[in-house]
Every structure is written in structure tokens, then in C-alpha cells.
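# Need a 3D model of the following:
(chains A and B)
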Protein chains: 2
Amino acid sequence: MPLTPARTMSGVLELLPLDQIAFQHMLDTIRRHYERFGFLPVETPAIEYSDVLLTKTGGETERQLYFVQSTGALEREDRPELALRFDLTVPLARYVAEHERALSFPFRRYQIQRVYRGERAQRGRFREFYQCDIDVIGKDSLSIRHDAEIPALIYSVFHELNIGDFTIQLNHRKLMCGYFEKLGVMDAIWQMRVLREVDKLDKQGMDAVRKTLVGEAFGLSAGVVEKILDFVQIRSASFEDACDKLDALGPGPQSLEQGRADLKQVLGIIKDFGVPETHVALNLSIARGLDYYTGTVYETMLNEHPQIGSICSGGRYDNLAARYTRSHLPGVGISIGLTRLYWQLREVGLVDTACSTVDVLVTQMDETQLATYMELASELRGAGINTEVVMEGSKLGKQLKYADRAGIRFALMLGEDEMARGVVTVKDLRRNDQFEVSRCELIKMLRVELEQTAAMG
Amino acid sequence: MPLTPARTMSGVLELLPLDQIAFQHMLDTIRRHYERFGFLPVETPAIEYSDVLLTKTGGETERQLYFVQSTGALEREDRPELALRFDLTVPLARYVAEHERALSFPFRRYQIQRVYRGERAQRGRFREFYQCDIDVIGKDSLSIRHDAEIPALIYSVFHELNIGDFTIQLNHRKLMCGYFEKLGVMDAIWQMRVLREVDKLDKQGMDAVRKTLVGEAFGLSAGVVEKILDFVQIRSASFEDACDKLDALGPGPQSLEQGRADLKQVLGIIKDFGVPETHVALNLSIARGLDYYTGTVYETMLNEHPQIGSICSGGRYDNLAARYTRSHLPGVGISIGLTRLYWQLREVGLVDTACSTVDVLVTQMDETQLATYMELASELRGAGINTEVVMEGSKLGKQLKYADRAGIRFALMLGEDEMARGVVTVKDLRRNDQFEVSRCELIKMLRVELEQTAAMG
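As a prediction, the model looks like this:
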């Protein structure tokens, strides 16, 4: 029979076990910190009704929808009524609207699941990838204080992930629009258009954006455009510097004043949460798309790897679920696109293949002693030590090579001689060290070693 | 604008947060034990190529495939080349064949992910559900000893899940076929047909099966049929009883002898692993489908809830990935269908809504002291205590009610009076107890309480 080639579609990241362990370690860390900050887990089905996912307007993401059809539906040639989620925000909106009466508000949820996008295949673009989201949803209103807790959480997550220095950058949509208004761009739609151009700074550069803004389409004066470009170049070096720079914008219309007051309050509370000011900065160029966010916006950059772009982004929105409910549900949240982040970190050498989750290999020195090895394995497992036991006899050297290749740290050897003396020979493959330990001290010794290593990260 | 109804398709289990926590707790327990036994994590994409998932013969499960099409493919009216996985075994076969040269054998992997089946909607049937699988894959050969480690792992998982007494039931496909051969059913195809009838015992009852076997289609003598029915009713009460009952089958053809020798060895090693014999039994009626398994087969039953059926099943197979590779890859594995199991356990009252993952709510007694509350929250989080802090002021009674409703155990109160005296008032909502503790003892006290509770499950 001819073989079917074993393959997956391009645009998915399938990992070998030791890489999967490294990835899983990042996922677990993120989840732990999300829970530490009092967020509750939610999971939603990957398959949603298409009309729940699709809006009338149909943005970029919606054109990348993967439709789903059962065999029966396919045969009937129905228009697909099901599709795979393309993010976790739309399912959150649907979830909150559907279960509104059963939830407590402010509703603090985290969700760590895969999402699906029919992207064109391209290096570093994924069609199936993890998002790790948190959101706080208020009913009718939500204090700006929640906007300050989010950066404290971002700090906590990336501090522990230990992938180098990072800066949590803040901006405020009302501050931007208010400042444009102050400069004479009065109309909200034109403010948005200016925002959209400003959002291209990273990609197109200063000169191109300047040219567009003074050009026919916008017709802004050179003086106004310079003020806009000066504005979007504002970065702060400390909490005090941030407040000074906000003050230096001078008085302005209500939305500018509102944005400034919000940002100052957010910065103050971030400080109360103990986030070091080295890790927080204003960046008045951040716009984060156009339609969705209405207040605070966040991006997080690795200081040494700006080319990676934002590793964690989000912001404040006015109303989460207007499509599904008449309730007014303001919220604030962030998302970490972990599949892409992991891939990028691996590209620049910031994450490596992990050691095995298996701590110990019980080798088979003597086949007649198998029962002893099984008992030893059970004892180790009962003590919380992840243990594999060699079931098929082979030369000891081959067994040790297996342990080494598999990334297992300790190999235990227990032959006739060791048994007679009540000891076990332990080979520490990481330290390339070998020693004997008495049978009754074994578990204590292994636990101490493993806990020390875990504590050191 | 008219609202879109917020809803999900039938056949998915979407949980409220406290139920999600209970579910997550089961997932985490299963994963921990899988890792404890030295299995490595693998995740595969939910979307696979259809030709990878579909065999030529096309069983029941394959007719339930969900096809996937991007917007572009849909417009081109292509035949869908992508589909959602319907189990984790086919993706494992594809994974092992694809990455064979990078893997160490025996390859021990666990995989905990969702699978998708276009089932007809029916109470207790799910279209999207979790499977929690482990498999050991050998290259060319795989010792029968691995078949004995699987029940040790099953015991470990369900012992900790603490959902009542259970029995791990064993049978062996060769023992069954060999015994039928001994009774004169010589042809392998006819042995399979007898097996298929025997597999219906649970649903159709003894009389119906007897009628079929003595009927025209099979034409077996009444005596032979009684022997078959006696055979499939064999259950053992202890390891010794199991061996006795195997011996009592008398001598037989090679496959019977092989099955018997295998089962005896498996039972011996299960004992070495320390599994109590109260939790293990022969059940010679277990067939587990027809095409796949070739040796040991497992089912696990809850003693008090036999109507739930097997909660964890699997067995030994000859060759995992014959469709994708010429390598010979025998294996043994099990699967827990956790979504269905969780749902069933909830139906019979064996799992309940969990307490919150949030341990502590820092209340807001005095808005002017917000900074103190944020600092306290950061301190608690830094000490590993999951903490939510009230951001929006309201009456204390309302805050406590929120904590209670949200399943949060401790509410901390820190007003002017407490601050002056350097204490915190702690309300333990689970014990309905309230007491003061000095500010510097707070974390220690909370940790002790939380660890004690965790240790008690």
C-alpha cells in the first residue's frame, strides 16, 4: 500500500518534546501570574457560529476566517454556519453576553487557548497559535484603577519569564485625539485618520508620514505636522518625567485633559503596585489599531530586541459586547501571542530546548532485579519525583546515553553490589558527577537537588 | 442595530469560572501524574490534512469529520483538504512518523488536547471534547512490561482524582481469540465476528448474544456458545485468583498461551508497582473495538457507578503508523475522555463547583488608603498568594458578599483602626470566622492555612 506523507500544513508550530516542555513552561508561568493577580479561567469552544464571529463591516481578521463543516453539511453544500475563532476577544464578548447573569462584575477572566487564522503562509506568521489573554469587564462602569493593575501584571509575568529587560509603554487614545484637536484637527474622523498615519511611523518612517500629512489629502500646515511628530516622539524616562512631559503639553480640550488625568492616575497606581520605573514609559506614538480601544493603550518591548515588536499589547475599550447585549460593558485587557513570541525568542536565542520533565531514570543493571526497580520507581513517584524506569534491558552505557539524549538529569544504578551495601549509585548527567547515596537518603537528596534547581529557574 | 444572539452550538461544554476551575483541577492532576510516570508532552495542531486523517476504509469516526476551509478555499469551491482531528491517536501516528529520526524510543508521550467530532446532537455526547492520552511507542519491539506500567499510572491518576473506588479491568485479545480457536472457531475473521457479538453483551444482554451465536449466521453448537459465554463472564477477585482462572482455561493454541503468559506477567509487574489488588481484575469480556488492539486491553470502571461505563480505556497495538512509515512501531496506551467524564461525574454528584483560584480579596475600607491596599496586594502576590484587590469602593457588606459569591476564601480588612494597631482583620468566609492577625504574621498565617487546605485536597 502506498504511504500517505506524514506532514502538517505550513503556518503551524509543532514542537519536539523538549521544545514543547520549554513552551509549556512559558504557558505555565503566564497562567500562574494571571491567577496570582486574581483572574479566573475561562475556556470557550474553538468552533463558534459564523454569525457570532463575523461583523457586518468585516475587518482584515474576518477575511482570514476558517469555516468548519461536518461531512453532512458539506454533502448538502450548505453555506458554512460554523467557523474557528480568530481571537479570544470576540468569544469573550459572546461568553459574557451569554452568561451575564451568572457572572460577578467586575469580571476578571484569563483565557489561554489557540486561535486560527487563514493567513497567507509566511515565515513567522502562524495559522494556529496560542493567545494568552486577560480582561477585566465592568458592568456600566469600570474604574481607571484597573488600567493600572494591568502593567503590574505584565511586569510580574515578564520579570519571571526572564527574557531580558523590557519596557511597558503607555499611551491614551483620548490624549492623542485631544492633542490633535488642540492643533485644530477638530473632526473625530480626521483625528482617526491622523492616528492611522501616525501608526505607520514604524513601518514608513518620519519623512513619509510628514509628506502625507502636509499633502493634499490632509492639508495640514507644516507647523502643525511638526507638532504632531514631536508629540508622537515623546518618551518618558521616569514617573516624574512622564508627569512633566504630560504637563508640558499645555492646556487643551476636554479629551486631552481626560487622557492626561487618566495617565497620571495610572502611573501613580503602577508605582503603588511596586513596578520599578525603569520598566514603564510613556510612548505617545502607540495607537494600537483604530476602532477598538478608547482609553489607555499598552505595548511591551524587549529593550535589546526592538525588532521583535510588542510582546504584549492591549488597552481600554468602551463596550465589549454591544453586538450581543444592550448591557454596557467597558473593559481593559491585554494579550500575549505566545506561539509567535516563543518562535521569535528562539530565533534570537533567548529560549532554548528545555531539560526533560523526567527527573530520574531508574536503569536496569540486572534483569532479575526488575521488581526492585519497579518498587523504587513507585517510591520515587510517590514522593513527587518524575521517574522513568528502563523496561527493556540493554548495556548500561546505552541506557545512560538514552538518559542524556532525553535530557533526564539523574540516572540511578542499583546492582548486586549496591543492594548488598544498601546504597544507590547516582549519576548526575547535568553536572557530569557520580556518587553513592544510602537507600534511605536517596529521596531526600534528590528532592533537595531538584528543588534547588527549580528555585534557580 | 439588531443584536446577534450570543450562543454556542450544541454538543460543547462551556463552563462558568468556578466549574472551569474544577475541570482544570482534574486536567492538572492528570497531567501531573502523566509527568510523574515519565511521559513527555506533545501538542499537535487541531487542523490536519484530510488525507492524513482519513483512511481508505473510513470507520464511524471518520464519517464525523469536521472539514476546514479558509475563506479563499470556500470561494474557489475546492474540496476541503483540511480537517479537525477526531482523536489524538492518528495525530500521534503522523507525529511519530514525521519526527521519527528526532525521537528517542521507547517514545513516551502524553497529549492533552481537544478533539472534534460531528456527532449528532445528543445529551452527554460532545462535538468538542478533551482527550488525555498516553502512549509508549517502541521501535521494532516493545516489552510487555510497559503494558504493566499503564495500570500503575491509571491507579495513580484515579486514586488522586478521588472520585470513588474503581477497578482496572484487563483482558487480552490473543487470549480471547485463542480460546475461540480452542473451541473450534479456527478462522481469524470468524473469531473477530464472535468478538464483535461478545462486545454487544452490555447493550443487548446474554440472551440476545446467545441467540445470535447459535443462529444461522454463526451456527455454533449450544455447548460451544455456553463455553464462550462462561469465558466472557470470568472476573477475578485477586492476583492469585486471576492466575488461577487463567490456568483453569486449560491448554490451548499458541495465541491462547501467549495471551495467558502476557497477562500473568502484566499482573505480576502491576503488583511490583504496588497497585492494590482490590483495584485490579480480569474481565474477559473486554474487547475494545475490533481493528486496532492486538494484545492487552484495559477498561476502568467506577465500582459505584457502572452505568458511566469505562472512564479510561486502551490497550496494546501492533503497529502505530503503518499508513505513514515502513518502520514497525508497536505501542500501548490509554485515553481519558475528560469532558465526558467530568460531565458524567457532575451528573451523579461526584464533582462540584470548585472554590475560586483567588485566595484573598483585599477589601477597600477607606478609599484614601488605596496605595496601602495595592502594596499589600503586591506583597501577597509576591508570596505566591492569589490576590484580588477591590478597585471600586462600595459598602464593605457588598464587598464581602462579592467575595462569598465568587468563592474567595479570605477577605482582608484594613481600616484606620487596624492600621494604627498594626493588624489586619481576616474574614475566613469558608469557616465563617473572623479574627485579627498582626501585619507581619499575615502572610505566614495565610500560607499555612492555604497549604493545609491544599494538602487535604
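# Not counting the helix or strand of chain A with the lowest mean pLDDT itself, show me its contacts.
Within chain A, judged by mean pLDDT, DSSP states H and E, the helix or strand with the poorest mean is helix A:71-75; its value is a mean of 81. Contacts of helix A:71-75 with the rest of the structure, by CB atoms under 8 Å, 6 or more residues apart in numbering or on different chains, involve A:80-81, B:63-65, B:67, B:80, B:118. To be clear about C-beta, it is placed using only N, CA and C from the backbone, and glycine gets the same treatment.
# Let me know the closest of those to residue A:429.
residue B:65 (44.3 Å; CB to CB).
# Distance-wise, check that closest one relative to residue A:72.
10 Å (CB to CB, to the nearest Å).
# more neighbours, those two?
Set residue B:65 next to residue A:72 and count neighbours by other CB atoms under 10 Å in any protein chain shown: residue B:65 wins out with 23 against 12.
# Which residue, neighbours along the chain excluded, lies closest to the more buried one?
residue B:83 (4.9 Å; CB to CB, 6 or more residues apart in numbering or on different chains).
# Residues that sit against both of residue B:65 and residue A:72, list them.
Once CB under 8 Å, 6+ apart is applied, the residues that residue B:65 and residue A:72 both contact turn out to be residue B:118.
# tell me the contacts of the closest residue to chain B within the stretch 351-457 of chain A?
Distance from chain B to each residue of the stretch 351-457 of chain A (CB to the nearest CB) is smallest for residue A:388, at 3.0 Å. For residue A:388, the contact set (CB under 8 Å, 6+ apart) comprises A:358, A:360-362, A:377, A:408, B:37-38, B:108.
# Helices - which of those land there?
Filtering the contacts of residue A:388 for membership in helices, criterion DSSP state H, returns residue A:377.
# Closest to residue B:154 out of the contacts of residue A:388?
The closest of these to residue B:154 turns out to be residue B:37 (CB to CB; 10.2 Å).
# Excluding chain neighbours, what is closest to the closest one?
In space, residue B:37 is closest to residue B:153, 4.8 Å off (CB to CB, 6+ apart).
# State the distance from the one you found to residue A:63.
Distance from residue B:153 to residue A:63, counting by CB to CB: 46 Å.
# got the end-to-end distance for stretch A:81-100?
Distances were taken as CA to CA, to the nearest Å; on that basis the terminal residues of stretch A:81-100 are 24 Å apart.
# Tell me the buried residues in it?
With burial defined by 16 or more other CB atoms under 10 Å in any protein chain shown, the residues of stretch A:81-100 counted as buried are A:82-100.
# Okay, and which of those residues map to strands?
Using DSSP state E to define strands, the subset of these located there is A:82-84.
# wait, which of those residues is closest to residue B:222?
The nearest member of these to residue B:222, counting by CB to CB, is residue A:82 at 52.7 Å.
# where does the residue nearest to that closest one when sequence neighbours are not counted land in three-state SS?
Of all residues not flanking residue A:82 in the chain, residue A:68 sits nearest, at 4.2 Å (CB to CB, 6+ apart). Secondary structure assignment for residue A:68 (DSSP: H, G, I helix; E, B strand; the rest coil): strand.
# List the contacts of the closest residue to residue A:234 other than its chain neighbours.
Distance criterion CB to CB, 6+ apart; nearest residue to residue A:234, sequence neighbours excluded, is residue A:284 at 4.3 Å. For residue A:284, the residues meeting the contact criterion (CB under 8 Å, 6+ apart) are A:171, A:175-176, A:231-235.
# Looking at those residues, spot the one nearest residue B:345.
Using CB to CB as the measure, the one of those that approaches residue B:345 most closely is residue A:171, at 48.2 Å.
# picking that back up, and the contacts of helix A:71-75, which is the shakiest by pLDDT?
The member of those with the lowest model confidence is residue B:63, at 79 (criterion: pLDDT).
# Not counting its neighbours along the chain, what's nearest that one?
residue A:71 (5.7 Å).
# What's the separation between that neighbour and residue B:83?
Counting by CB to CB, the separation of residue A:71 from residue B:83 is 9 Å.
# Please enumerate the shared neighbours of the two.
Contact criterion CB under 8 Å, 6+ apart; residues shared by residue A:71 and residue B:83: B:65, B:67.
# if we can go back for a sec, and the strand or helix carrying the residue nearest to residue B:37, what does it pack onto?
Here residue B:153 sits within helix B:145-161, counting by DSSP states H and E. Here helix B:145-161 is seen to pack against helix A:370-382, helix B:17-36, strand B:128-137, strand B:166-172, helix B:254-272, strand B:296-302, strand B:331-337 when contacts are counted using 3 or more CB pairs under 8 Å, 6 or more residues apart in numbering or on different chains; DSSP states H and E.
# Could you rerun that using 6 Å?
Counting contacts by 3 or more CB pairs under 6 Å, 6 or more residues apart in numbering or on different chains; DSSP states H and E, helix B:145-161 is packed against helix B:17-36, strand B:166-172, helix B:254-272, strand B:331-337.
# Please render these as JSON lines that adds mean pLDDT and distance to chain A to the earlier fields.
Conversion of the helices and strands packed on helix B:145-161 to JSON lines gives the following (pLDDT from 0 to 100; distance: least, CB to the nearest CB, whole Å):
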{"stretch": "helix B:17-36", "mean pLDDT": "97", "distance to chain A": "4"}
{"stretch": "strand B:166-172", "mean pLDDT": "97", "distance to chain A": "15"}
{"stretch": "helix B:254-272", "mean pLDDT": "97", "distance to chain A": "4"}
{"stretch": "strand B:331-337", "mean pLDDT": "97", "distance to chain A": "11"}
